[in-house]
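Trainee: kindly generate the corresponding structure for this input.
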Amino acid sequence: MAKLYSLVVAIALATLLPATGAIAAPPFNCSNAQEPAEIALCDSPELGLLDREMNRLYFDKRDGWKAAGKLAEADALRTEQRAFLKARNACNYETACLTAIYKKRLEDLKKP
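Mentor: Model (predicted):
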């Protein structure tokens, strides 16, 4: 069931985004990837899509809080993001770990 859900999410994301090879890549320059987790993101279109979505939600939320003058919330979000990146990097090349941690982060970022 989890694989089916992952497939549905990947297809949904792919249909919402323009069909280019670059769009499945993470939003950072893969030639600069150093951490094993970053390399795994660059090697996996599914993980690249999750990273792009996480990046979009993070910056939208952060920028919204800053624009609203909620600087404490924006600072807390940045602290959470740093913790997420540490946990993500601890996954190394493990796709299942990376997928799970990204799905959890996406859920957290979608909360008001």
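Trainee: so, low pLDDT: which residues of this protein?
Mentor: Residues of the chain meeting the criterion pLDDT under 70: 1-25.
Trainee: any idea which helix is longest in it?
Mentor: Ranked by residue count, the top helix of the chain under DSSP state H comes out as helix 45-67.
Trainee: show me which residues of that helix are buried.
Mentor: Neighbour-count burial for helix 45-67 flags 45-54, 58, 61-62, 65 (criterion: 16 or more other CB atoms under 10 Å). Placement of C-beta: from N, CA and C, glycine included.
Trainee: next SSE downstream of it?
Mentor: Downstream of helix 45-67, the next assigned helix or strand under DSSP states H and E is helix 71-90.
Trainee: counting contacts, what elements does that following helix pack onto?
Mentor: With contacts defined as 3 or more CB pairs under 8 Å, 6 or more residues apart in numbering; DSSP states H and E, helix 71-90 has these neighbours: helix 36-43, helix 45-67, helix 95-110.
Trainee: how about CSV for those helices, with distance to T79 added?
Mentor: As requested, the helices and strands packed on helix 71-90 are arranged in CSV below (distance: least, CB to CB, whole Å):
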stretch, distance to T79
helix 36-43, 19
helix 45-67, 11
helix 95-110, 13
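Trainee: who wins for proximity to P27 among those helices?
Mentor: Counting by CB to CB, P27 lies closest to helix 45-67 out of these; the figure is 4.7 Å.
Trainee: now the closest one against helix 36-43, angle please.
Mentor: Interaxial angle of helix 45-67 relative to helix 36-43 (axes from the mean of the first three to the mean of the last three CA atoms, to 10 degrees): 110 degrees.
Trainee: just checking, what packs against helix 45-67?
Mentor: helix 2-16, helix 36-43, helix 71-90, helix 95-110.
Trainee: got JSON lines for the ones you listed, with distance to C30 and mean neighbour count too?
Mentor: What follows is those, written out as JSON lines (distance: least, CB to CB, whole Å; neighbours: other CB atoms under 10 Å):
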{"stretch": "helix 2-16", "distance to C30": "19", "mean neighbour count": "12"}
{"stretch": "helix 36-43", "distance to C30": "4", "mean neighbour count": "19"}
{"stretch": "helix 71-90", "distance to C30": "16", "mean neighbour count": "14"}
{"stretch": "helix 95-110", "distance to C30": "15", "mean neighbour count": "16"}
